[in-house]
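> just a sequence and a predicted model for now, questions to come.
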Amino acid sequence: MLTGQDRALLDPTRETDDQARNNTNTIVGIAAGFAGFIAIFVVSSTFAFAVGQRQREFALLRTIGATTGQVRRMVYGEALLIAVAASALGALLGTLGAQPIMDWLASLGMAPAWPTLSTSSVPSYVAFATGVLVAVLGVAVAAWRAARVRPAEALRAAAIEPKAMTAGRWIAGGGLLAIAVVSMTVNAVGDPDGATNNKTFMPIVMLLIAAAGLLAPVFVRPVTALLAAPLGRLRGAGALVVAGWAGASARRTAAVAAPVLVTVALAATLLGAMAMTDATKSAMRTAPVRADYLVLPTGAAGLDRQLVERLRAVPGADVTTVTSTSLYTLEGEGSQLIERPAEAVDPAALTTALSVPVTAGSLAGLRDDTIAVSPTWELSLGQRVTLWRADGSPATLTVVALLGARSAADSYVATAHALSAPPTAAYVRLRPGASPTEVRQALERAADGHHARAVTKAAWAAATATGRRASASRLGLLAVLGIMLSHTVIALVNTLLMAAPDRAGEHAALRLLGAAKAQVLRYVMAEALLVVAVGVVLAAVATGVGLLGLYAALAQLSGPVAIDVPWRPVAGVIGLCGVLAVVAAVLPSGRSKGVAMPRA
């Protein structure tokens, strides 16, 4: 008799709920990691930009006696004041938005529909503390830079931009890039299977984007010159003004382009990585299949015995049935029951239907008392393992073969271990001289009325790829990507609005030189688009490096895989960045009245 929490062991939806919880934990973990990364990136870039704008203010404070510690504490104080207010508001809104998010996850199949929200206030306190901590971490470098402003800089007649690349920025950017490259190399050489795991690839994406952001000032001038070169053929001074502004202030251009870099690089890298890993997983599942046709059930009941007999009677066809089942082993000193998927097959016909990679041993020894396992079992050849079958009955089997990385199944056992479960698939291979059309027609006639369908291997492979693209985890990751992109888009608009006052004097100077207001607005639009283009180029470099590293790992699993970036959504993200950049740059300029003298 089961009591207490053990009663859940009899729940028919227990396995589905476990899978949904795992999906939720994975997506939430990815979202939390990216949220922290983007928050620190946005806060640090925003405060770094603000410190650059207020350089003379800090110099005046130093001139009247403020110490470096006082300036640093002032910047930290400003960050804490904003962080406390924003974190408190976020913690409050988070409790209000929890239920809609749970409902949304349940609709995607990524969370059970029955859980109720906790009434504990601990998550709100943790979220508040996390928000404040992220702000402090993000402002650390900006506070250090503000404290290094010298008093003499207040006496300059014009603001002079400090050196774009400091030693610390070189070390940080180069170090992050080196760590990302080394991590990709280790994955490609030592653990290619880990490359298909989002939790393994996502940190590398973050490192590459952070490195590109830190090293961006190095490439701003050459990239700007390259992008502005076609404008030089246009009449008038527009191209000179646009290119000159972007190239004259590498640090400022890099700061404005940083949100574009993050937005586009995240979209392109994650979407491209999903497409590549999906293609690899589909290839790993379909490539070992030697069959020309497959007969699959249209429901969850499997293939009935009469249908299997009719399939075996089809002339010119060799039929091999496979039954998916589960085996259970005790791990952790016998305290944890682990479910392991297995395929029950006829050992004599296994190699006819499937190409099974074996690294040690032989499938010829597969019998009722033996098993072939993948490396995830962590067993050695000849080792005996005690396990439990799907009905709870125990069995002790000897390992006769170790499967390779490209195996279509985690383990193989004889059909006796499937007990009374019906086959889940039938692989059909044509005999020499058999007519494909006649065999297929015969298979369709045999499947008619048995809740099954006969498909070609190509059609099955295409359906497998389509199903993977519509999986709950992929939909959840896309939704998380949308949320993350919304944050970076806000950062883009915020940075451009902050940069607008610095340009007021330059725009006024253009008006004094005879430029019409419409011409100034066109220059502003062109400058905004040029900065977006610079960010897109830097994002393309980061994306290319990340996907090449992923390609090197995935190629070892399924052979060469196409580097596939879904260009339509990426182009949409770039277009959105362009529109927002133009609007955020033009609105402040369009509202200015009169002609103001340029600032000294």
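Perfect, I can see it now. Numbers count the residues shown, from 1 in each chain.

> now the helices for the stretch 1-150 of the chain?
Using DSSP state H, counting those that start in this stretch, the helices of the stretch 1-150 of the chain run over residues 14-53, 55-63, 68-107, 122-147.

> which among those helices is found nearest to residue 314?
Ranking these by their distance to residue 314 (criterion: C-beta to C-beta) puts helix 14-53 first, at 34.6 Å. (Each C-beta comes from the backbone N, C-alpha and C, glycine too.)

> residues touching residue 314, list them.
Neighbour list for residue 314: 428, 439, 442, 443, 446 [criterion: C-beta atoms under 8 Å, 6 or more residues apart in numbering].

> which SSE is residue 399 in?
Taking DSSP states H and E as the definition, residue 399 sits inside strand 394-403.

> equivalent analysis for residue 348, please.
Using DSSP H and E, no helix or strand contains residue 348.

> next, count neighbours for it.
Residue 348 has 10 neighbours, counted by other C-beta atoms under 10 Å.

> the contacts of residue 314 in strands, which ones?
residue 428 (DSSP state E).

> residue 44: which of the contacts of residue 314 is nearest?
Nearest to residue 44 among the contacts of residue 314, with distances taken as C-beta to C-beta, is residue 428, at 59.6 Å.

> which residues does the closest residue to the closest one other than its chain neighbours contact?
Using C-beta to C-beta, 6 or more residues apart in numbering and skipping residues adjacent in sequence, the residue nearest residue 428 is residue 293, 4.2 Å away. Listed by C-beta under 8 Å, 6+ apart, the contact set of residue 293 reads 317, 427, 428, 439, 440, 443, 454, 455, 456, 457.

> quick check, nearest of those to residue 353?
Nearest member of the contacts of residue 293 to residue 353, counting by C-beta to C-beta, is residue 427, at 3.6 Å.

> distance of the closest one from residue 322?
Look at residue 427 and residue 322: by C-beta to C-beta, to the nearest Å, they are 7 Å apart.

> tell me what the one helix or strand residue 210 maps to is packed against?
According to DSSP H and E, residue 210 maps onto helix 198-228. Other elements packing on helix 198-228 under the criterion 3 or more C-beta pairs under 8 Å, 6 or more residues apart in numbering; DSSP states H and E are helix 14-53, helix 167-190, helix 238-248, helix 250-286, helix 517-558.

> returning to what we had before: between residue 427 and residue 322, which contacts overlap?
Contacts common to residue 427 and residue 322, judged by C-beta under 8 Å, 6+ apart, are residue 353.

> so residue 388 sits against residue 394, correct?
Yes - using C-beta atoms under 8 Å, residue 388 is in contact with residue 394, at 5.4 Å.

> for the two, work out which one has more neighbours and name it.
Per other C-beta under 10 Å, whichever of residue 388 and residue 394 has more neighbours is residue 388, with 16 against 9.

> mind checking how far the more buried one is from residue 48?
Residue 388 sits 59 Å away from residue 48 when distances are taken as C-beta to C-beta.

> what does residue 444 give?
Distance of residue 444 to residue 48, computed by C-beta to C-beta: 66 Å.

> what do you get for residue 545?
In terms of C-beta to C-beta, residue 545 sits 24 Å off from residue 48.

> kindly report the same for residue 219.
18 Å.

> repeat that for residue 411.
Residue 411 is 54 Å from residue 48, by C-beta to C-beta.

> look at the two and report which has more neighbours.
The neighbour comparison of residue 411 against residue 48 (other C-beta under 10 Å) goes to residue 411, with 24 against 20.

> is it true that residue 453 touches residue 303?
No - here residue 453 lies out of contact with residue 303, judged by C-beta under 8 Å, at a distance of 10.8 Å.

> for those two, list the residues in contact with both.
With C-beta under 8 Å, 6+ apart, residue 453 and residue 303 have common neighbours residue 295.

> can you find the helix or strand in the chain with the smallest mean pLDDT?
helix 238-248 (a mean of 60; mean pLDDT, DSSP states H and E).

> what residues of stretch 53-65 count as buried?
53, 55, 56, 58, 59, 60, 61, 62 (16 or more other C-beta atoms under 10 Å).

> what mean pLDDT does stretch 364-376 have?
In this model, stretch 364-376 has a mean pLDDT of 88.

> how about stretch 460-471?
So the average pLDDT for stretch 460-471 ends up being 66.

> for stretch 150-165, same thing?
Mean predicted confidence for stretch 150-165 is 59.

> does residue 317 touch residue 435 like I think?
No - the criterion here is C-beta under 8 Å, and residue 317 misses it with residue 435 at 10.5 Å.

> quick one: which of those two has more around it?
More crowded of residue 317 and residue 435, by other C-beta under 10 Å: residue 317, with 23 against 12.

> confirm residue 360 sits in a strand?
Yes - assessed with DSSP: H, G, I helix; E, B strand; the rest coil, residue 360 lies in a strand.

> residue 348 is in contact with residue 415, correct?
No - counting by C-beta under 8 Å, residue 415 does not reach residue 348; the two are 10.5 Å apart.

> rewinding a little: quick one, which of the helices and strands packed on helix 198-228 gets closest to residue 584.
Using C-beta to C-beta, these put helix 517-558 closest to residue 584, at 7.5 Å.

> between that closest one and helix 198-228, how many degrees?
140 degrees (axes from the mean of the first three to the mean of the last three C-alpha atoms, to 10 degrees).

> so which of the contacts of residue 314 is the closest to residue 338?
Nearest member of these to residue 338, counting by C-beta to C-beta, is residue 428, at 33.8 Å.

> and the pLDDT at that closest one?
pLDDT, read off for residue 428, is 89.

> go on, the one 4 residues further on?
The predicted local confidence for residue 432 comes out at a pLDDT of 88.

> one more: the one 10 residues further on?
We have a pLDDT of 90 for residue 442.

> got it, and residue 315?
What the model reports as pLDDT for residue 315 is 90.

> same question, residue 10
At residue 10, pLDDT is 44.

> give me the number of residues near residue 125?
For residue 125, using other C-beta under 10 Å, the count is 11.

> what residues are up against residue 80?
Residues near residue 80 by C-beta under 8 Å, 6+ apart: 132, 135, 136.

> now the residues you listed as CSV including neighbour count and distance to residue 279?
Formatted as CSV, the contacts of residue 80 follow (neighbours: other C-beta atoms under 10 Å; distance: C-beta to C-beta, whole Å):
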residue, neighbour count, distance to residue 279
132, 18, 42
135, 25, 40
136, 16, 42
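
> what ranges do the helices span in the stretch 451-600 of the chain?
Going by DSSP H, counting those that start in this stretch, the stretch 451-600 of the chain shows helices at 457-469, 472-512, 517-558, 567-591.

> which one of those is the most hemmed in?
helix 517-558 (a mean of 21; mean count of other C-beta atoms under 10 Å).
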